[in-house]
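[1] Need a 3D model of the sequence below.
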Amino acid sequence: MRTVEKKKGFTLIEIIISIALLVLLAAFSIFKYGEVQEKSKQKLDIASAATFAETVGLLMTDDDTIGKSIKEIQSNDAKILEYVQEPFEGKSRLYQGLFKAEIDKNGKITVTSSSGEKMYPKKDIGKKTTETNDHSKD
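    Numbers count the residues shown, from 1 in each chain. Okay, here's the model as predicted:
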């Protein structure tokens, strides 16, 4: 009587299903990675806008005549570049381009992106508090 030896290993269909599952997991991970990366860039842009507002505030306090005459300033302005190494520029899709600061008559600084999106003062992504920056002269 002949005995049939049982072969060890995976069948072709098991290997194909395993590969298909791995491809689906990889596709999902890449999609989520893109979302996380974009949200991180937006948070970086908001933090950069706050730093830009502080830089404009320093510029206003260092030179009182500049503080009284400037109503709007770009992040690539020569006066700003004296304080920082490179212009403040948005890295995310939402806040693309150079930042612009507007100073009202009370000295309050508002930072917007070149697309007109208000960046500072603004609620941080995921938070419910609003930060404000007031550089008014008393």
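
[2] switch to C-alpha atoms for all contacts and neighbour counts from now on
    Fine.

[3] Run through who's touching stretch 72-82.
    52, 55-56, 59, 86-89, 98-103 (CA atoms under 8 Å, 6 or more residues apart in numbering).

[4] Inside strands: which ones of the residues you listed?
    89, 98, 100-103 (DSSP state E).

[5] What segments of the chain are strands?
    Under DSSP E, the chain gives strands at 72-74, 89-90, 97-98, 100-103, 109-112, 118-120.

[6] Of the ones you listed, which is nearest Ile30?
    Nearest to Ile30, of all the strands of the chain, is strand 89-90, at 23.1 Å by CA to CA.

[7] And the closest one, what does it pack against?
    Using 3 or more CA pairs under 8 Å, 6 or more residues apart in numbering; DSSP states H and E as the contact test, the elements touching strand 89-90 are strand 97-98.

[8] what residues does the strand it packs on touch?
    For strand 97-98, using CA under 8 Å, 6+ apart, the contacting residues are 74-76, 87-91, 113-115.

[9] the helices in this structure, which residues?
    12-62, 64-69, 78-81 (DSSP state H).

[10] Give me the most central residue, this protein.
    Nearest to the mean C-alpha position of the chain, by CA atoms, centre = their mean, lies Gln42 at 2.3 Å.

[11] show me what contacts it?
    Taking CA under 8 Å, 6+ apart as the test, what Gln42 contacts is 91-92, 94-95.

[12] What distance do you get for Tyr120 to Ala53?
    Using CA to CA, to the nearest Å, one gets 8 Å for the distance from Tyr120 to Ala53.

[13] Mind listing the shared neighbours of the two?
    Shared contacts of Tyr120 and Ala53, defined by CA under 8 Å, 6+ apart, are found at 109-111.

[14] Adding pLDDT, neighbour count and distance to Arg2, write these out as TSV.
    Shown next, in TSV, are the shared contacts of Tyr120 and Ala53 (pLDDT from 0 to 100; neighbours: other CA atoms under 10 Å; distance: CA to CA, whole Å):
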residue	pLDDT	neighbour count	distance to Arg2
Ile109	87	26	91
Thr110	89	23	88
Val111	89	27	85
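
[15] Of those, which is the nearest to Ile13?
    For those, the closest approach to Ile13 (CA to CA) belongs to Val111, at 58.3 Å.
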